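**Q** quick one, what's the 3D model for this:
(chains A and B)
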Number of protein chains: 2
Amino acid sequence: MKKTFADRLVEAVKAKGNPICVGLDPRLNQIPSYIKRKALEGKDVSPMAAAADSILEFNKGIIDAVADIVPVVKPQIAFYEIFGYEGVRAYEETLKYAKEKGLITIADAKRNDIGSTATAYAQAFLGEVEMFEDENEVISPIFDADSITLNAYLGIDGIKPFITEAQNYDKGMFILVKTSNPSSGDLQDLEMKDDSKIYEIMGYLVDSWGANEISDSGYSSVGAVVGATYPEQAATLRKIMPNSIFLVPGYGAQGGGAKDVAPCFNDDGLGAVVNSSRGIIFAYEKLDGFDETSYAEAAAQAAKNMRDDLASIF
Amino acid sequence: MKKTFADRLVEAVKAKGNPICVGLDPRLNQIPSYIKRKALEGKDVSPMAAAADSILEFNKGIIDAVADIVPVVKPQIAFYEIFGYEGVRAYEETLKYAKEKGLITIADAKRNDIGSTATAYAQAFLGEVEMFEDENEVISPIFDADSITLNAYLGIDGIKPFITEAQNYDKGMFILVKTSNPSSGDLQDLEMKDDSKIYEIMGYLVDSWGANEISDSGYSSVGAVVGATYPEQAATLRKIMPNSIFLVPGYGAQGGGAKDVAPCFNDDGLGAVVNSSRGIIFAYEKLDGFDETSYAEAAAQAAKNMRDDLASIF
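**A** Next up is the predicted model:
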């Protein structure tokens, strides 16, 4: 029997011995200047193409450095879209390169829409796209991610097409439940008639939407985004969604530490992947003994430091 | 004094004498075959590039046909992203072409994220992007839209960067409040402690976030998405957000008619733009006397029919 996304993710976490997700958020002004100079050398290159080439080159260095250490990477598409279609090309190639290196990928795109529009996103990110019906040509796939982040404000209509593609192609998703940002409570913390909070309601929805997607690992391919910056809420959500894998942003640069992410895990030590972006990919700016020419080695060191830090909670 | 987005939109609606937004959701299998054949003729063209060229060519025909009739177009990015970076190229060029033809554009992207990530989206869609600081090079702008649709599940953190860019570049936004889809009530209709519904809470948030953005026209550049399929809720929301312009999906193919969208307007006959996608761009499939070679003329006719239908409510 084929392994589901949840099975593959749990297996990768066990194999690497840690639940780290490296966020590939390549801010151009923090990318080593020698990479940017090289990208700008081609005489016909547009600034956008040079920017895209710079972030792709940078990402490849990070991926090579962390592929043996961590199980998951998560490129955030905003940092690619900012360079238009050239940036999106770099996004596609980053996902492809990470897959080649054996990493599980999360397309952090927070897509949300309804009906046939959601289907278009789901096919592009998780499935296959049928084109030019006369030739029966199928392009498979466009973005080639293992999973995607989603926003479920629109209800199940916006999620169902992703579940369908996930079933067909052994892919998965992480739905925003309680986000890590300071104002996440503007809406998410408001109280319902029965005293529950909106983020709890979203947790119950995610739990029910994923109930039929639980596989051998005991986990569902419908996961949840739960911020490390709200450990009490995470503890509540862990009980509401016992079978969902949590994608946990907010560790490191956003202020969350090992003890803050602890409530996101189940007693089996599984059930969460913890993301760090800036703290790993731009570690060369902070860690002693590194400079921009050793940014990849610095990232590897930062990933190992994070692994040791997280080990303290098990 | 420079005109805000809301001022420009109100002016365009008055000039054209209708509040129609044409949704540019170009499904490849409904695009006339002669357009696709031409795009496939180039011998080195990839299927994705040919698909992207097909939708761009199709869009140009629609834009040319409706530019004198309607004030606004809204390309939905999912139908472009489905062809990867080539599709995103067609998206950029569609926005550019619509602007050249004097149309106001809404990038239907439903973006949502926090902090610097939201800033990256805001700069890409509404503002300017700074690149390669050594050369002081500013690329302005990437997507060149007048406005964007947003999802505010993450609270003000995810909206503020767009308000900043909107202020700087006279742009605007439409935040999802009550969406048109059947399951929009899964979350949006739930009851809060004080008997209000979540969509009403979101309406109050949008009203407050846009309060400082109200300009000469009396409208704010922070608008709301309110589906035509829920007229009672729209009437409530019209009172909660008197100064917000509503972007109203759900007319036509989704089942909403003129009387359903009526509650979205203020007594001044303003305050809403009503979107139709399939009903206009693929009108050649439905209207008598047209075929795929006259798809643009059919779109013009469908836009005029919709204009006459909407006129009945004022």
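**Q** what kind of secondary structure is residue A:123 in?
**A** Assigned with DSSP: H, G, I helix; E, B strand; the rest coil, residue A:123 falls in the helix class.
**Q** from what I can see it touches residue A:166, true?
**A** No: contact criterion Cβ atoms under 8 Å: residue A:123 and residue A:166 do not qualify, at 11.6 Å. For the C-beta atoms, the positions are set from N, CA and C on the backbone; glycine is no exception.
**Q** contacts only, for residue A:66.
**A** A:22, A:73, A:280, A:299, A:300, A:303 (Cβ atoms under 8 Å, 6 or more residues apart in numbering or on different chains).
**Q** could you check how far it is from residue A:291?
**A** In this structure, residue A:66 lies at 19 Å from residue A:291, with Cβ to Cβ, to the nearest Å as the measure.
**Q** cool, residue A:184 as well?
**A** 36 Å.
**Q** which of the two has more residues huddled nearby?
**A** Legend: neighbour count by other Cβ atoms under 10 Å in any protein chain shown for residue A:184 and residue A:291, higher for residue A:184 (25 against 10).
**Q** now the element after the least confident helix or strand in chain A by mean pLDDT, going C-ward?
**A** Ranking every helix and strand in chain A by mean pLDDT, DSSP states H and E puts strand A:137-139 at the bottom, with a mean of 71. Where DSSP states H and E defines the elements, the next helix or strand beyond strand A:137-139 is strand A:147-150.
**Q** sheet-wise, list the partners of that next one with their directions.
**A** strand A:104-111 (parallel), strand A:172-178 (parallel) (DSSP bridges).
**Q** hey, where'd the helices end up in the stretch 1-150 of chain A?
**A** Chain-ordered helices for the stretch 1-150 of chain A, with DSSP state H, counting those that start in this stretch as the definition, fall at A:5-16, A:33-41, A:47-66, A:78-81, A:84-100, A:115-125.
**Q** need the winner for burial among those helices.
**A** helix A:78-81 (a mean of 26; mean count of other Cβ atoms under 10 Å in any protein chain shown).
**Q** contacts for it?
**A** Counting by Cβ under 8 Å, 6+ apart, A:25-27, A:52, A:55, A:87-88, A:90-91, A:94, B:88, B:111, B:113, B:117-118, B:120-121, B:124, B:142 sit against helix A:78-81.
**Q** ok now that helix, how far from the chain's centre?
**A** Taking Cα atoms, centre = their mean, to the nearest Å, the mean C-alpha location of helix A:78-81 is offset from the chain mean by 14 Å.
**Q** please name the nearest non-neighbouring residue to residue A:181.
**A** Counting by Cβ to Cβ, 6 or more residues apart in numbering or on different chains, the nearest residue to residue A:181 once its immediate chain neighbours are dropped is residue B:114, at 3.9 Å.
**Q** what's the neighbour count on that neighbour?
**A** For residue B:114, the neighbour count with other Cβ under 10 Å is 24.
**Q** which residues touch it?
**A** Residues in contact with residue B:114, defined by Cβ under 8 Å, 6+ apart, are A:179, A:180, A:181, B:154, B:157, B:158.
**Q** report the two of these separated the most.
**A** A:180 and B:158 (11.8 Å; Cβ to Cβ).
**Q** comparing these two, which residue is more hemmed in?
**A** For residue A:180 versus residue B:158, neighbours defined as other Cβ under 10 Å are more numerous around residue B:158 (29 against 23).
**Q** state the distance from the more buried one to residue B:173.
**A** The value you get for residue B:158 to residue B:173, if Cβ to Cβ is used, is 11 Å.
**Q** what of residue A:129?
**A** Shown here: residue A:129 relative to residue B:173, a distance of 29 Å by Cβ to Cβ.
**Q** what about these two, which has more around it?
**A** Taking neighbours as other Cβ under 10 Å, residue A:129 and residue B:173 compare with residue B:173 leading, 33 against 22.
**Q** pretty sure that one sits against residue B:166.
**A** Yes: judged on Cβ under 8 Å, residue B:173 makes contact with residue B:166 at a distance of 6.3 Å.
**Q** and for these two, which residues touch both?
**A** The overlap between the contact sets of residue B:173 and residue B:166 (Cβ under 8 Å, 6+ apart) consists of B:126, B:147, B:221, B:222.
**Q** okay, the third one: pLDDT?
**A** Here the pLDDT value assigned to residue B:221 is 98.
**Q** point out where the stretch 101-250 of chain A drops to low pLDDT.
**A** A:134-138, A:140 (pLDDT under 70).
**Q** same list (the shared contacts of residue B:173 and residue B:166) but as JSON lines, adding neighbour count.
**A** Supplementary listing: the shared contacts of residue B:173 and residue B:166 in JSON lines, determined by neighbours: other Cβ atoms under 10 Å in any protein chain shown:
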{"residue": "B:126", "neighbour count": "30"}
{"residue": "B:147", "neighbour count": "29"}
{"residue": "B:221", "neighbour count": "29"}
{"residue": "B:222", "neighbour count": "31"}
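**Q** from those residues, pick the one nearest chain A.
**A** If you rank these by distance to chain A using Cβ to the nearest Cβ, residue B:126 comes first, at 11.8 Å.
**Q** tell me the contacts of that closest one?
**A** By Cβ under 8 Å, 6+ apart, the contact list for residue B:126 reads B:141, B:145, B:147, B:148, B:162, B:165, B:166, B:169, B:171, B:173.
**Q** 10 Å instead?
**A** Applying Cβ atoms under 10 Å, 6 or more residues apart in numbering or on different chains, we find residue B:126 in contact with B:5, B:107, B:141-148, B:161-173.
**Q** again, but for residue A:187
**A** Shown in contact with residue A:187 (Cβ under 10 Å, 6+ apart): A:153, A:179, A:197-199, A:202, B:152-156, B:187, B:198, B:201-202, B:205.
**Q** most neighbours, which of those?
**A** For the contacts of residue A:187, the largest neighbour count, defined by other Cβ under 10 Å, is 29 neighbours, found at residue A:179.
**Q** from residue A:229, how far out is that residue?
**A** Taking Cβ to Cβ, one finds residue A:179 at 9 Å from residue A:229.
**Q** what of residue A:158?
**A** Going from residue A:158 to residue A:229 by Cβ to Cβ gives 26 Å.
**Q** how about residue A:80?
**A** Residue A:80 sits at a distance of 25 Å from residue A:229 (criterion: Cβ to Cβ).
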